[in-house]
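**Student:** show me how the following folds:
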Amino acid sequence: MADRRETLKILGAIGSTCAFPFATNELYAQHVHDGPGTQAPAGPPRFFGEAQMKLIGCIADRIIPPTDSPGAVDAGVPGYIDFVVSRNETLQGIFTQGLAWMDEEAQRLHGQTFEALDASRQIGILRPLSDAVDAGEESGTAERFFRAIKSLCADGYYTSQAGLITELGYTGNVALAAFPECEIPEH
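**Tutor:** Residues are numbered from 1 along each chain as shown. Prediction:
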C-alpha cells in the first residue's frame, strides 16, 4: 500500500465500524479496576496464545499498516486487543471463533495459514469481510470477528502515542490564541 489512507479505503472507513454491539463498559473492560494507573501490561498475553497473538498482529497491520508513522503492531495494538478481550467473555468467543475461521479460510483458499500468505492474498480475504461489515451485513462468525478486530484496532491505535500524537498530531491541552475557521465549503 502506498499509504495508510489507501489501506483504510480498501478496508473501509474505521469510523463506520466503531458502533459496537456491546455496552461500552463491557467492551473496554471499564468495569474492571485493577488499581490506579493500571494499563494493559507488556509481557505475555493474558488470553491468547502466542500463535493467536501473531495472527492478531498480522491482521492488525493489514488494517493499520506501518507507513511514515508506526503501524498497529508497533503501536502495541495486539496487546491492547488481548487486554480488552481477556476481560470480556463475549469478545473471547468472537475472537476464538474468528481467528480459527481466518486460518481455516486461508487454508481452504490457498493451502497456507493466513500469516504465510502474501499481502494481496491476505487483503483478498479481509476485503469481503470489510465490505460486509461496512454494509451492515454481519450474518456470520467471520463478519462479527472482523467488526470487533477492526474496531479494537482503531481504538487501540488512535489512543496510543503512535496514533494520537504521531499520526493525528494531537498536542494535548494547549491554549490557542485563535481558532482557524473551517475552509470546507459545505460547513
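
**Student:** where's the residue positioned nearest the centre of the chain, which helix or strand?
**Tutor:** Nearest to the mean C-alpha position of the chain, by C-alpha atoms, centre = their mean, lies Cys153 at 1.6 Å. Per DSSP states H and E: Cys153 is located in helix 141-158.

**Student:** now do the SS call for Gly57.
**Tutor:** helix (DSSP: H, G, I helix; E, B strand; the rest coil).

**Student:** what about it, neighbour count?
**Tutor:** 19 (other C-beta atoms under 10 Å). All C-beta atoms are positioned from the backbone trio N, CA, C, and that covers glycine.

**Student:** same check, this time on Pro128
**Tutor:** So Pro128, with other C-beta under 10 Å, has 12 neighbours.

**Student:** for this protein, name the helix or strand with the lowest mean pLDDT.
**Tutor:** helix 24-27 (a mean of 46; mean pLDDT, DSSP states H and E).

**Student:** and stretch 85-92, C-alpha only, in CSV?
**Tutor:** Provided in CSV are the C-alpha atoms of stretch 85-92 (Å, rounded to 0.1, in the frame of the first residue of the first chain):
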residue,chain,number,x,y,z
VAL,A,85,-10.6,-9.5,25.1
SER,A,86,-9.3,-11.0,28.3
ARG,A,87,-11.9,-9.0,30.2
ASN,A,88,-14.9,-9.8,28.1
GLU,A,89,-16.4,-13.2,27.6
THR,A,90,-18.5,-12.2,24.6
LEU,A,91,-15.4,-11.0,22.8
GLN,A,92,-13.5,-14.1,23.8
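
**Student:** mind listing what's buried along it?
**Tutor:** 85-88, 91 (16 or more other C-beta atoms under 10 Å).

**Student:** inside strands: which ones of the residues you listed?
**Tutor:** Among these, none falls in strands (DSSP state E).

**Student:** assign a three-state SS to Phe95, would you?
**Tutor:** Strictly by three-state DSSP, Phe95 counts as helix.

**Student:** can you give me the strands in this protein?
**Tutor:** Going by DSSP E, the chain shows no strands.

**Student:** related to what we said a few turns ago, Cys182 versus the residue nearest to the centre of the chain, what's the distance?
**Tutor:** Note on Cys153: its distance to Cys182, by C-beta to C-beta, to the nearest Å, is 29 Å.

**Student:** what of Thr159?
**Tutor:** From Thr159 to Cys182 the distance is 25 Å (C-beta to C-beta).
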